[in-house]
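Chemist: The sequence and its predicted three-dimensional model are supplied below.
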Amino acid sequence: MPLIAVLPGDGIGPEVTREARRVLEALALGLDFEEAPVGGAAYLLTGRPLPEETLALAKKADAVLFGAIGDPRFEALERRLRPEAALLGIRRELGLFANLRPATLFPALADASPLKPEVVAGLDLVIVRELVGDVYFGEKGRRHDAEGLRQGFDIMSYNEAEVERIARVGFEMAKRRKKKLCSVDKANVLETSQLWRDVVNEMATEYPDVHLTHMYVDNAAMQLVRAPAAFDVIVTGNLFGDILSDQASMCAGSIGMLPSASLCAWSGDNGMYEPIHGSAPDIAGQGKANPCGAILSAAMLLRHSLGNEEAALKVERAVGEALAKGARTADLGGSMSTAEMGDAVLKELV
Ligand SMILES: NC(=O)c1ccc[n+]([C@@H]2O[C@H](COP(=O)([O-])OP(=O)(O)OC[C@H]3O[C@@H](n4cnc5c(N)ncnc54)[C@H](O)[C@@H]3O)[C@@H](O)[C@H]2O)c1
Ligand SMILES: CC(C)[C@H](C(=O)O)[C@@H](O)C(=O)O
Ligand SMILES: [Mg+2]
């Protein structure tokens, strides 16, 4: 029986993960679930945000269902003890270099986005974000500069192999979709991005039927507001992908709607699945969080780690049906609680 590691984490993490797990259980696929603490919740219990037992469970499991981490009480701790260190640690330890962040507009949510319905109509893009490199994982620290002033630094770097493997995911994904790949970088300023662009260009000859374009990240941020539906697949680095995916979420109505898959291979072996949002301390514990991003992440788990496309589509359709019948949490302009939204999706899961 496939084992799913459930790491609910902090804030609204446990609230939305509960609904995603209920959906997986309702499918009666004979999955085994094992839960473990992570982030601030784990720090409170063990003094470490990523206990060895939690990491071992994530490695052993067929897939990880992750909620969210982050707790304002621990913001002043040294970096390795903060909840965020747990998330970065799992990504790195499991080698999850490919982060797929689809932003799709459910037709019923055409008026939920702050953008005009005609601007977001047909929105169906995927951000392929590199997840274990870039400025996130380069050398970092504090020192004093030549004038004796305190200085912080984070080194941004990519080698050609790291660019190639994520670009390949982007090309392969574009090949299976609308055959448009937009590589986003800052090659007018950054050496890292110039190498990124060189490598992506060299690979383009292997994909003659994929239309490749390059875009600077500042322009990409603007185009995501001007004409988001013009994008198909965006491939980009860790930092740019983090920022652009939160931005893309509002084209789809709410950050609470967007799921993600973090993979170490196309097959999705040992993948991790989480909504793109954080622990949302401002609404945590109030039953207000939108669980759709978490539920849609469970659908991605079924697709990528369990190879069950039929069940994945079933979950995605159930979310679409629930929304079409008017189910809405507060972020979408409604008044349903997290659990009521979960119930509305479960009702459509037949
Ligand atoms: N993958 C993760 O676990 C992850 C992602 C982003 C941020 N974080 C962490 O979360 C903490 C809070 O960060 P933040 O406030 O910048 O970002 P956030 O994503 O937690 O929240 C941003 C805003 O979006 C709202 N929001 C987020 N998810 C929602 C949902 N499902 N339904 C309704 N509204 C939702 C929040 O209420 C908040 O107003 C920080 O500690 C941060 O480091 C974790
Ligand atoms: C919490 C943080 C480390 C994380 C990131 O920056 O990758 C988050 O913002 C995300 O989008 O998953
Ligand atoms: Mg983020």
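Modeler: Received, thanks. Ligands and ions are numbered 1, 2, ... in the order given.

Chemist: drop to CA atoms for contacts and neighbour counts, all remaining ones
Modeler: Noted.

Chemist: Okay, now the unreliable bits of this protein?
Modeler: 266-268 (pLDDT under 70).

Chemist: what's next to stretch 94-101, contact-wise?
Modeler: 59, 91, 126-133, 166, 169, 245, 258-265, 270-272, 276 (Cα atoms under 8 Å, 6 or more residues apart in numbering).

Chemist: hmm, that stretch in reach of ligand 1?
Modeler: No - contact of stretch 94-101 with ligand 1 (Cα under 6 Å from any ligand atom) is absent, the minimum separation being 11.5 Å.

Chemist: Span of that stretch from start to end?
Modeler: End-to-end span of stretch 94-101 (Cα to Cα, to the nearest Å): 18 Å.

Chemist: can I assume Asp32 is in contact with Pro2?
Modeler: Yes - Asp32 is within contact range of Pro2, at 6.1 Å (criterion: Cα atoms under 8 Å).

Chemist: mind pulling up the phi and psi values for the residue nearest the centre of the chain?
Modeler: The centre of the chain sits closest to Ser260, judged by Cα atoms, centre = their mean, with a distance of 3.5 Å. Dihedral pair for Ser260: phi -150, psi 160, per degrees, to the nearest 10.

Chemist: Against ligand 2, how distant is the residue nearest to Leu7 when sequence neighbours are not counted?
Modeler: Distance criterion Cα to Cα, 6 or more residues apart in numbering; nearest residue to Leu7, sequence neighbours excluded, is Phe66 at 4.8 Å. Distance from Phe66 to ligand 2, counting by Cα to the nearest ligand atom, to the nearest Å: 10 Å.

Chemist: Same check on Glu118?
Modeler: Look at Glu118 and ligand 2: by Cα to the nearest ligand atom, they are 28 Å apart.

Chemist: Next: Thr213.
Modeler: Applying Cα to the nearest ligand atom, one obtains 24 Å for the distance of Thr213 from ligand 2.

Chemist: what helix or strand does that residue sit in?
Modeler: strand 211-216 (DSSP states H and E).

Chemist: mind listing what's buried in that strand?
Modeler: Buried residues in strand 211-216, counted by 16 or more other Cα atoms under 10 Å: Leu212, His214, Met215, Tyr216.

Chemist: Tell me the one of these nearest Leu302?
Modeler: Nearest to Leu302 among those: Leu212, at 29.8 Å, using Cα to Cα.

Chemist: Wait, that closest one touches Lys178, no?
Modeler: No - counting by Cα under 8 Å, Leu212 sits too far from Lys178 to count as a contact (11.5 Å).

Chemist: Which neighbours do those two have in common?
Modeler: Contacts common to Leu212 and Lys178, judged by Cα under 8 Å, 6+ apart, are absent.

Chemist: how about the helices of the stretch 1-150 of the chain, start to end?
Modeler: For the stretch 1-150 of the chain, applying DSSP state H, counting those that start in this stretch gives helices covering 13-26, 40-46, 52-60, 83-93, 117-120.

Chemist: out of those, deepest packed?
Modeler: The highest mean neighbour count among those, using mean count of other Cα atoms under 10 Å, belongs to helix 13-26: a mean of 22.

Chemist: Please save the CA atoms from it in CSV.
Modeler: C-alpha atoms of helix 13-26 as CSV (Å, rounded to 0.1, in the frame of the first residue of the first chain):
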residue,chain,number,x,y,z
GLY,A,13,-1.1,24.2,7.4
PRO,A,14,-2.9,21.6,9.6
GLU,A,15,-6.3,23.2,8.7
VAL,A,16,-5.9,22.8,4.9
THR,A,17,-4.0,19.5,5.0
ARG,A,18,-6.9,18.0,7.0
GLU,A,19,-9.2,18.7,4.0
ALA,A,20,-6.7,17.3,1.4
ARG,A,21,-6.3,14.1,3.5
ARG,A,22,-10.1,13.7,3.8
VAL,A,23,-10.4,13.9,0.0
LEU,A,24,-7.6,11.3,-0.5
GLU,A,25,-9.3,9.0,2.1
ALA,A,26,-12.7,9.4,0.4
